[in-house]
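Q: coordinates only, sequence not included:
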């Protein structure tokens, strides 16, 4: 039987698949005249700058123009529905959020800020909901395993956020706004550069009364204050020295209490061109994740406060050597995790040392990328991961690619050492992924189609022991299959982007879908410039998902329509109106956690 959702899905799939074919390609001789936005440089996929079609990876770039047009309140709002990306939230405005890339778990993908990894060592995953999108200039989403480049956790993919570097004359920017649910937003920045020195200073604040996270519940507020500093200097000989500091601090309320949080990254780096063909980079960094959880008194427990803080300190050395059209990247990394607070973990620190190498070989029209990494961890032993990708240029516009990669996810501190239930004998989860893809790159549009299969082994899940106790154990296996289609168009004053995702995330032990993953997703972004005005919208459609492992608790699919308009009403001045969930849809991505309905936000900006 064909359901209304199935009909809408089929129609949307047909429109997205046929839309690019209706656009005439006006590149006469097949030469590469692609626009930078349509074929941007990416660095996350291969540790070296490559255009999207040269990266031999499934990659999505959200650039500064996209960020300013959409002006999202939260990072999960920005990521929802991107190719291969699903988002689960326990309510809106700073509530716990999980990002699933290609069906893998929240702790099976990496979040990085300017090369610095940010996560909780106790839970294993990042707190996406505490980062303000206004602090960043662009985002790269690389789908597929990157364990051989970044180590533990890079199973489903990597999201890397980049802060502005600054250049040219001092450029101030100020934004003030607010809207529904008594929400107030403010941000300010100053960027510039002179004589080899570049700088970017920024601060932002968001405060909202929020919305209920449960049906008929009370509003649950959220506030977040973020500061950012980025400085760098390039010397006459080409050497570069730079530093980064980002700190987000605030409070979020939930049903039964509230949490104070801190998310922080800090780093210093130096780049030295040792020869014309050899560049060496050393990065020293620290990432901090802290939560002070205040639980209200209830009929069965007294009020309480718990504190958990994790710090990750990293020293990473990268060397890039050029051999004509070929490149070799070799390096080493040392990471130390520390946990403190009231949890009383049996072990409060561990360290990991790694060495890695990657070859980027160009034998046009054939390209080859091969990488290998060896990790030695104090807690769970040694792991070796690798990958190989092969690309073939069919002609000047079309590239075939095939890749195979392995990755692993390390047990978290909670898995290993949580008082009374941790299991120090856990092995890391492991994965193997095969991907086939093809990309068409033209002057005014592109499309990218990929199919993949990921096998996950030794997945960590709670299971009973012989004594009847439940502890984390290596018991589950999963097979995730998927197909992704992404396309983008820039034609005259129109900008369009589309993504279709089909996912089959199967638990091999039960034959059921992995919980809280939608298996079909569509996203369409359309924007139009009209002189001093701009109009646009995003349509995100997802089908049902299951909230439980047995697939008995079904959460319905939904469609979200977000609208936006901008007006440059005076030199240097503009205003922007966004209408989120314009159709006021009720939807859940986790049982009994409701998300915000229709919400309008208005802001006024001054500066570049």
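A: Happy to help now that I have it. None of these values were measured; they are calculated from a predicted model.
Q: how close does residue 516 get to residue 419?
A: Counting by Cβ to Cβ, to the nearest Å, the gap from residue 516 to residue 419 is 27 Å. Yep, even glycine has a C-beta here, placed from its N, CA and C like the rest.
Q: more neighbours, those two?
A: residue 516 (20 against 10; other Cβ atoms under 10 Å).
Q: between the two ends of stretch 330-349, how far is it?
A: Looking at stretch 330-349, the gap from its leading to its trailing residue is 27 Å under the measure Cα to Cα, to the nearest Å.
Q: contacts for it, please.
A: Contacts of stretch 330-349 with the rest of the structure, by Cβ atoms under 8 Å, 6 or more residues apart in numbering, involve 121-122, 151, 305-319, 321, 350-358, 379, 413-414, 416-419, 422, 424.
Q: which parts of that stretch are buried?
A: If you call a residue buried by 16 or more other Cβ atoms under 10 Å, then stretch 330-349 has these buried ones: 331, 333, 335-339, 341, 343, 345.
Q: make JSON lines from the residues you listed and add secondary structure, pLDDT and distance to residue 236 to it.
A: As requested, those are exported to JSON lines (DSSP: H, G, I helix; E, B strand; the rest coil; pLDDT from 0 to 100; distance: Cβ to Cβ, whole Å):
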{"residue": "331", "secondary structure": "strand", "pLDDT": "97", "distance to residue 236": "26"}
{"residue": "333", "secondary structure": "strand", "pLDDT": "98", "distance to residue 236": "30"}
{"residue": "335", "secondary structure": "strand", "pLDDT": "97", "distance to residue 236": "34"}
{"residue": "336", "secondary structure": "strand", "pLDDT": "97", "distance to residue 236": "36"}
{"residue": "337", "secondary structure": "strand", "pLDDT": "96", "distance to residue 236": "39"}
{"residue": "338", "secondary structure": "strand", "pLDDT": "95", "distance to residue 236": "40"}
{"residue": "339", "secondary structure": "strand", "pLDDT": "94", "distance to residue 236": "44"}
{"residue": "341", "secondary structure": "strand", "pLDDT": "89", "distance to residue 236": "47"}
{"residue": "343", "secondary structure": "coil", "pLDDT": "83", "distance to residue 236": "51"}
{"residue": "345", "secondary structure": "coil", "pLDDT": "87", "distance to residue 236": "50"}
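Q: re the thing from before, among the contacts of stretch 330-349, which ones are in helices?
A: When the contacts of stretch 330-349 are checked against helices (DSSP state H), the matches are 413-414, 416-417.
Q: relative to residue 128, which of the residues you listed is nearest.
A: For the ones in helices among the contacts of stretch 330-349, the residue nearest residue 128 by Cβ to Cβ is residue 414; the value is 18.5 Å.
Q: for the closest one, which non-adjacent residue is closest in space?
A: Computed as Cβ to Cβ, 6 or more residues apart in numbering, the closest residue to residue 414 that is not its neighbour in sequence is residue 122, at 5.0 Å.
Q: what of residue 601?
A: Closest residue to residue 601 apart from its sequence neighbours, by Cβ to Cβ, 6+ apart: residue 179 at 3.5 Å.
Q: for that neighbour, give me its contacts.
A: In this structure, residue 179 makes contact with 599-602, judged by Cβ under 8 Å, 6+ apart.
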